[in-house]
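Q: need the 3D shape of this:
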Amino acid sequence: MKASPVALHQPLAERLRPRSLGEVIGQQHLLGPGKPLRLAFESGRPHSCILWGPPGVGKTTIARLMAEAFDAQFISISAVLGGVKDIREAVQQAEAARDGLMAQRTIVFVDEVHRFNKSQQDAFLPHVESGLFTFVGATTENPSFEVNSALLSRATVYVLQPLTSADMEQIIGRARQAQALPAIEDAARQRLVAYADGDARRLLNQLETLAVTAEQSGLSCITDEWLLSVLGEQMRRYDKGGEQFYDTISALHKSVRGSDPDAALYWLVRMLDGGADPRYLARRIIRMAWEDIGLADPRAMQITNDAAQTYERLGSPEGELALAQAVLYLAMAPKSNAGYAAYNKARAFVKAGGTHPVPLRLRNAPTALMKQLDYGRGYRYAHDEEGGFAAGESYLPDGMAPPGFYQPVPRGLEIKIGQKLEELRARNAASAPPGD
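A: Now for the predicted structure:
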């Protein structure tokens, strides 16, 4: 059965776009039987949500299927190109749909919602609260950092995962079933799947390029050799064993953490040679400095930031040398994850412990009323104390025992930090009232 003439003029991604939940490939942790998004679809009651995941994993498709499932008007806004004017127009369309003869729900889908600033995101709030429309945002960035807390509190966050190799094979199979692709050798399939790295859009774009080129060349079967000749440099990153992108960055990170400069440099160059974005690598290298070196060698943070700035000034290939030397420095620096572990402990502690009031002595008192209410009374100004330290003072909520989040390691500068911390704790203990 041949594809219709109209279908042939549509992009392959549109021709293969799922028309029902059953056709969606991947995301079964959300869409499988009894899973959160499946239950939401089956409930018949749409709710505002944020779809967080890497590119090409089905965020737009799920939003469109949501509109179809709830018989809702679907309004799409690109946060890259749109603004408050587009939001106002969406509000007007939603009001018209609600007040029309055939009263209809509206789903407003905002792609790349993290690109909207605070005021633009705030513009959705009253309409989400009133139920005028259901808000669905899509983002590749962590919504905890990129989406306003007010909007975030009104939306359920669903985390989408990169598609698996088996998922990508299914997509290739569907392209073959739609007669959009000639036969393809197993080796070529594996290379394409590895190159796509869990991104269905990337895979579909490459399949479309191959299909057109194969037709022009009169080719009936795509071989691995022909694939490499057509896509060339784009395929190099997966030329040796088909390692996935995130596996390689993981190997780089673990080599730095394991203090192996040769291995760290190898994995860095592998990624650069394969076409990885040096700016992405610069961000990851900075993260390594904070996570695995920390205060054992604060110079690591400065060196990695300087390397990132150097790359911005010089570009490739000259700026890549700065990234390479930063990686070498990190690999040989003393290691500490004490700050990283302390931060994670503090986050878990706060999440589990709820909110405790700020002690009166630690509160600011800019007004006479606050002073009358004893704000700031009893606060000890550390600079006026012996050694610049108010021994025995507590800066935690009243009644809270010291949680001991930060435990310096006996390496690098943290040796001295640990000694200082022990000295301060001893002074606190000596100043404690008898019996405490």
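
Q: now do the strands in the stretch 1-150 of the chain.
A: 49-52, 73-78, 106-111, 134-139 (DSSP state E, counting those that start in this stretch).

Q: if you count contacts, what does the shortest one end up packed against?
A: What that stands for is strand 49-52. Applying 3 or more Cβ pairs under 8 Å, 6 or more residues apart in numbering; DSSP states H and E, one finds that strand 49-52 contacts helix 59-69, strand 134-139, strand 156-159. Heads up, the C-betas are built off the backbone N, CA and C, glycines and all.

Q: okay, those, which one's buried deepest?
A: Of all the helices and strands packed on strand 49-52, strand 134-139 carries the top mean neighbour count, a mean of 26, counting by mean count of other Cβ atoms under 10 Å.

Q: how about the helices and strands packed on strand 49-52 in a markdown table, adding mean pLDDT and distance to V358?
A: Below are the helices and strands packed on strand 49-52 laid out as a markdown table (pLDDT from 0 to 100; distance: least, Cβ to Cβ, whole Å):
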| stretch | mean pLDDT | distance to V358 |
| --- | --- | --- |
| helix 59-69 | 93 | 40 |
| strand 134-139 | 95 | 33 |
| strand 156-159 | 94 | 29 |
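
Q: want to try a markdown table for those, with distance to L268 as columns?
A: As requested, the helices and strands packed on strand 49-52 are exported to a markdown table (distance: least, Cβ to Cβ, whole Å):
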| stretch | distance to L268 |
| --- | --- |
| helix 59-69 | 31 |
| strand 134-139 | 28 |
| strand 156-159 | 28 |
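
Q: re the thing from before, out of the strands of the stretch 1-150 of the chain, which is closest to G339?
A: strand 49-52 (26.3 Å; Cβ to Cβ).

Q: show me what that closest one is in contact with.
A: 40, 59, 62-63, 113, 135-143, 147, 152, 155-160 (Cβ atoms under 8 Å, 6 or more residues apart in numbering).

Q: any low-confidence regions in the chain?
A: Across the chain, residues meeting the criterion (pLDDT under 70) sit at 1-9, 232-244, 434-436.

Q: how about the helices in the stretch 301-436 of the chain?
A: Using DSSP state H, counting those that start in this stretch, the helices of the stretch 301-436 of the chain run over residues 320-332, 338-353, 368-372, 414-431.

Q: no no, the stretch 1-150 of the chain
A: Under DSSP H, counting those that start in this stretch, the stretch 1-150 of the chain gives helices at 5-8, 12-15, 28-31, 36-43, 59-69, 84-99, 118-122, 125-130, 143-146, 149-152.

Q: let's have these in TSV, adding distance to I184.
A: Shown next, in TSV, are the helices of the stretch 1-150 of the chain (distance: least, Cβ to Cβ, whole Å):
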stretch	distance to I184
helix 5-8	19
helix 12-15	14
helix 28-31	25
helix 36-43	32
helix 59-69	24
helix 84-99	41
helix 118-122	44
helix 125-130	46
helix 143-146	38
helix 149-152	43
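
Q: hey, which of the ones you listed is tucked in deepest?
A: Of those, the one with the most neighbours on average (mean count of other Cβ under 10 Å) is helix 59-69, at a mean of 21.
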